[in-house]
Each structure stands twice: as structure tokens, then as C-alpha cells.
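Q: Sequence first, then the predicted structure, then my questions.
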Amino acid sequence: MSIQIPRGTQDILPGEVEKWQYVEEVAKSLCHNYQYKEIRTPIFEASELFTRGVGDTTDIVQKEMYMFEDQGGRSLALRPEGTASVVRSFVGNKMFGYPNQPTKLFYSGPMFRYERPQAGRYRQFVQFGVEALGSEDPAIDAEVISLAMGIYKELGLTQLKLVINSLGDADSRNAHREALINHFKPSIDEFCGDCQNRLEKNPLRILDCKKDRDHELMGTAPSILDYLNDESKNYFEKVQTHLSDMDVEFVVDPTLVRGLDYYNHTAFEIMSEAEGFGAITTLCGGGRYNGLVQMIGGPETPGIGFAFSIERLLSALEAEGIELPIEHGVECFIVSLGKEAKDYSVKLLHTLRAAGISSEKDYLDRKVKGQFKAADRYDAKYVAVIGDNELQENKINLKNMSTGEQEEISLDHFVEKMKNKLGK
Ligand code: HAM
């Protein structure tokens, strides 16, 4: 019996992988404009990093972590997200001491969550994310949000909705927490076991429950925005002013609760409003996490970031009917005729490639007709035909496959001419 790919994972095959490369390039290039530098962290970490960082009452930690013990008896977890790892690295490498502050980082790589697979939800998915550590200026919040929106816009997405909220500072959150407990407590036995456990530990999580989301008390739950103290309110207003100044459109949604515990102040999500996108509409999520660095053993340092999955980004592009400008074709395909020309084509191919021209030839001893068909399958821009006779006369026949034009070129000038034609 053949071995199946694990549930919730996928192979990204040639033909599809170019889209991944393209969107990652666009995201990286925008990060460069915004001066975020790449960081690469391990795919597994001490489990404790996430139980402490992401929060032990979250679904991610309670139900979705891939945990294992290594041969040395250490409890490790495949990373379910990137923020905790980046913060661990920030602390471990004392990046807070680097001359350039805030520390602005981006990452891209696989994350793992044991979730029920469905459209847009995988057990292994690739997140692209950024984190800015060391500044509590609302302008950084606006910068991070505008970078996320900028990446989507650059790729051509238009049917987007940016939702923002404030979770306030510790005082505001405590006041809201008390109000939530009072709100849910009298009817808590109508809620699921998870919510009952969360009531005292972390009542905000109840608002995030997938099972009880239709309970009438959900809609009437006290809004965090009514519990923000003046400082938190001013902060949130300043973020909104900056976003408006940047012409980044948003709506404030006081019910936006993120699924991770480390957030305070600004929280945001970007949704796709494209028809047919599917049930899970969130493309990107992020927010501020001013206590996380300290929780992970570093000095008190504010932070903010976001992450989105490439999987959902590509689905959104598809739902909006956006074709990425990806060049699949080969620039020059060599067709050879005769034994000597066939041998010569090996050398010529090497020369073309060394000159930066993407080139291919036949390796299956096809007849000329078969070689032309192969060139078509490669979507070749040019086909260079060389036979034993041409070789003796030191020339090659070049066909432009889009115009059908043909010309004879001296072999001595062939590579130079090809470079000119291709604008290289
Ligand atoms: P998150 O909301 O858990 O936040 O995930 C962020 C994004 O990852 C989602 O909006 C979605 O695009 C993608 N995603 C999550 N789970 C899956 C899945 N099972 N399949 C496909 N895509 C998925 C975080 O992870 C935070 N670390 C974001 C952040 C960075 N906050 C501050 N800095």
C-alpha cells in the first residue's frame, strides 16, 4: 500500500511553487522598504516557550500543539506560530542592545497546528510575519498594519477588510475581565467545559470560543472599548489617526479577540471579502504584545507584529481572479539534428546558461518534430535549431516562437545576440 501524505499537509509542486516564490519575494521586498530584516529560528522549540508565551488557556496550546519528547527527555514542540520564537531569540541574543532600535524583523516558514483540516486550515502552513520590538510609539502600530496591507495591495488584492480593536493596557484589561466574569458567571453552566474552565482563568477566551459563539450572552458581552482607561484610549486614537493619515481604511470592531494571550492595546485582522473565498475569511492577524519579552525572561520591551499564511493569501488571490505575472517559459530551447550537432548542443547549452539565459535541450533522443513539441511544452521564447550542416558552416537557425520569424546567426555571435534579444 502506498504511503499517504499526512492529513492537513500538502506538497507544493512545480507549476504552483512559483506562486509561493513570487508572493514571498513581494513580501520580502516590501519588508526591505520598511527596513525589516530577516530572522530564521528553529522549527522546534522548548514546549514551555509556547505554554508561557502563547498562553496555556489558548486552543493553540491546549489542543493544537505537536509536542514530543526527544531522546534526552526534553519536552519540545513544533512551533505553532513565530512570535514567541522571535522574542526568545531577541532575548537570547540580547538584540535589545543592538544599535538600531526598534528591532524590526521578518520571518517566513512552516508552522504546525493540530487543527481540523478544511479549506484554508492546514496542520502545516507557511506564515510570513513581522515583529517590531522596542517601541511603544503608535506610529509603529500603524507602520506594521500598513505593511501588511501594503503587501496585499502590491499583489493586487482589493476586496479586503481591515478590522482593528484595542485590548487596552493591564488596568483596562483587568476592569474588562471583572465585567466579563460578572456577565458570564450566572449562566456559565450553559457553556462548554472549556469556557467554564476559562471563566476565572481567562474570560476573554470565552469570546473566542468556536462552540458557544451563538450563545445570546456573546452578543451582549461587555465591550473592552468601554473599559479602556484614558491612556489606552489615547493610544488607540493615535493609531487610528496615523492609519487615516496613511489612507489605510479600517473599521473598529470591539468584538475582535485574538486567539493568543500575549496581546494588549492594538489588535487587528485583515479579512478577504471576495465572494467564494470560503468560511474562514481571516487572512492576517496581529497586534501589540508589550508584556511578552519580559514573560520570556528579557527586559521590559514593547512589541507588535503580524503574521499571515501564504496558503490563505493564495486562496484570496484566486478568489479575486488575480493572475500573478509569473514567467514559466524557458528562454531558449535547442533543437539538434545529427550526432555532432547533438554533442555540440551540450556545450552550447552550458554557454547559454552561463550567460544567464534559461535554456533547455532534449535528453530523450527525440526526432526533430518531438524536440519542437518539447520546446512548446516548455513554452520556449526562442528555438535554436542546429544540424550537422549548420555546425560545419558555423551558424545556427533561430526561431522567435511568438512571431514565427526565423534568422540565421553566426555561432560566434549567437550568445551575444541572444542576450541582446532578451534584454540581458
Ligand atoms: P494567528 O492569528 O494565530 O496569529 O495566525 C496568523 C495567521 O496565520 C492567520 O491569520 C492565518 O493567515 C494563518 N493561519 C493560522 N492558522 C492557520 C492554519 N491552520 N492554516 C492556514 N493558515 C493559518 C499568530 O500566529 C501571531 N503570531 C501573529 C502575530 C505576530 N502577532 C503578533 N505578531
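A: Cool, got the structure.

Q: Strands along the stretch 1-150 of the chain, start to end?
A: Taking DSSP state E, counting those that start in this stretch, the strands of the stretch 1-150 of the chain run over residues 37-38, 44-46, 67-69, 75-78, 103-112, 124-133.

Q: and of these, who's closest to the ligand?
A: strand 124-133 (3.6 Å; CB to the nearest ligand atom). Every C-beta, even on glycine, is put in place using the N, C-alpha and C of the backbone.

Q: for stretch 113-123, which positions count as buried?
A: By 16 or more other CB atoms under 10 Å, the buried positions in stretch 113-123 come out as 113-115, 120-123.

Q: Which pair of those residues spans the longest distance?
A: Across the buried residues of stretch 113-123, no pair lies farther apart than Y114 and G120, at 16.1 Å, counting by CB to CB.

Q: one step back: point out the most buried one among the strands of the stretch 1-150 of the chain.
A: Most buried of the strands of the stretch 1-150 of the chain by mean neighbour count (mean count of other CB atoms under 10 Å) is strand 124-133; its value is a mean of 23.

Q: got TSV for the buried residues of stretch 113-123, with pLDDT too?
A: Output for the buried residues of stretch 113-123, formatted as TSV (pLDDT from 0 to 100):
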residue	pLDDT
R113	98
Y114	98
E115	95
G120	93
R121	96
Y122	98
R123	98
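
Q: if we take those, which one ends up nearest to A319?
A: G120 (10.5 Å).

Q: was I right about N165 contacting H265?
A: No: between N165 and H265 there is no contact, the gap being 9.6 Å when judged by CB atoms under 8 Å.

Q: Switch the strands of the stretch 1-150 of the chain over to JSON lines; also include mean pLDDT and distance to I334.
A: Below are the strands of the stretch 1-150 of the chain laid out as JSON lines (pLDDT from 0 to 100; distance: least, CB to CB, whole Å):
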{"stretch": "strand 37-38", "mean pLDDT": "98", "distance to I334": "38"}
{"stretch": "strand 44-46", "mean pLDDT": "98", "distance to I334": "46"}
{"stretch": "strand 67-69", "mean pLDDT": "97", "distance to I334": "51"}
{"stretch": "strand 75-78", "mean pLDDT": "98", "distance to I334": "46"}
{"stretch": "strand 103-112", "mean pLDDT": "98", "distance to I334": "36"}
{"stretch": "strand 124-133", "mean pLDDT": "98", "distance to I334": "36"}
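
Q: need those strands in TSV with distance to the ligand, can you?
A: Formatted as TSV, the strands of the stretch 1-150 of the chain follow (distance: least, CB to the nearest ligand atom, whole Å):
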stretch	distance to the ligand
strand 37-38	15
strand 44-46	13
strand 67-69	17
strand 75-78	13
strand 103-112	7
strand 124-133	4
